[in-house]
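Undergrad: Pasting a predicted model and its sequence here:
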Amino acid sequence: MSTPMIDLNSDLGEAFGIWPMGDDDAMLDIVTSANVACGFHAGDPSVARRTCAASAARGVTIGAHVSYRDLAGFGRRFVDVAPAELTADLIYQMGALDAMARIAGTRLRYVKPHGALYNAIVHHEAQAMAVVDAVRTFDPELVLLGLPGAVVLDLAAEAGVRTATEAFADRGYLPDGTLAPRGTEGAVLHDAEAVAARMVQLVTTGTLTAVDGSTIHVEADSLCTHGDSPGAVRMAAAVREALVAAGVGIEAFAR
């Protein structure tokens, strides 16, 4: 019987100027993939360069965490942007981060949309196609990371863009497999041990318990532990330790 494998990713590089955000150095000792902010929802050039260098030094795979142009809203507000403009914005972000990765001795390996864009392209076909066009145009070898069942992943597969799926360690799920909206009961989880047990269940059985108590099937190549949430490092460490104890191998999904 083969050993189950999983990637651990985290949203990093989200500091801005003198304002810190999360403990990136500690998270990079735990995760295997870093979703690095590209400046549109968080981060700045100095932060991106520093985060890419720290990731490369640890052998952590770098992904572009692309977003709507929404610094004030941390990329969590839907923007009704024209597809062509969205594609250009995403190419711009990928190019900037790839430059930082290359001077650190590595390169960009995958793309993960952030926040409201990530959720929009689960169903919004026009914006989903804009994302696919951006990845395919910039570098067709990149992997697009998204929510299982999202229309963007279907469109990417049709366009020949490689895809990977993820689950969120610290987020609650609705019965249809989508994330429970922030601000609703059970949407954000804080108990590190309970979250770790959920992730072992997901990786070993392919199931999770939704916010209404029902059992849902979730496919995931990667698990996300948000770097900006309270107790993020402790939660990520608990998830990794529980997975390893359960005999699960930890490795990057994109190399």
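TA: Perfect, I can see it now. Numbers count the residues shown, from 1 in each chain.
Undergrad: OK, contacts around Ala237?
TA: 30, 192 (C-beta atoms under 8 Å, 6 or more residues apart in numbering). Using the backbone N, CA and C atoms, a C-beta is placed for each residue, glycine as well.
Undergrad: Please identify which helix or strand holds it.
TA: Ala237 is part of helix 232-245 when elements are defined by DSSP states H and E.
Undergrad: Downstream of that helix, the next helix or strand is which one?
TA: strand 249-250.
Undergrad: what are the pairing partners of that next one, and which direction each?
TA: Strands adjacent to strand 249-250 in the sheet, as given by DSSP bridges, are strand 5-12 (parallel).
Undergrad: rewinding a little: just checking the distance from the helix holding Ala237 to the centre of its chain.
TA: Relative to the centre of its chain, helix 232-245 is centred 17 Å away, using C-alpha atoms, centre = their mean, to the nearest Å.
Undergrad: same deal with stretch 59-76?
TA: 9 Å.
Undergrad: Compute the first-to-last residue distance for it.
TA: End-to-end span of stretch 59-76 (C-alpha to C-alpha, to the nearest Å): 30 Å.
Undergrad: Specify the angle between the helix holding Ala237 and strand 5-12 in degrees.
TA: 170 degrees (axes from the mean of the first three to the mean of the last three C-alpha atoms, to 10 degrees).
Undergrad: and helix 232-245, which residues are buried?
TA: Buried residues in helix 232-245, counted by 16 or more other C-beta atoms under 10 Å: 232-233, 235-240, 242-243.
Undergrad: so who does Leu243 touch?
TA: 6, 196, 199-200, 203, 250.
Undergrad: how does it look with 10 Å?
TA: When contacts are counted by C-beta atoms under 10 Å, 6 or more residues apart in numbering, Leu243 touches 4-6, 8, 196, 199-200, 202-204, 223, 249-250.
Undergrad: For stretch 132-140, C-alpha coordinates in CSV please.
TA: Taking C-alpha atoms only, stretch 132-140 is exported to CSV below (Å, rounded to 0.1, in the frame of the first residue of the first chain):
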residue,chain,number,x,y,z
VAL,A,132,-6.7,30.6,-17.2
ASP,A,133,-5.7,32.9,-20.0
ALA,A,134,-3.2,34.7,-17.7
VAL,A,135,-1.5,31.5,-16.6
ARG,A,136,-1.4,29.9,-20.1
THR,A,137,0.0,33.1,-21.6
PHE,A,138,2.6,33.8,-18.9
ASP,A,139,3.9,30.2,-18.5
PRO,A,140,1.9,27.1,-19.5
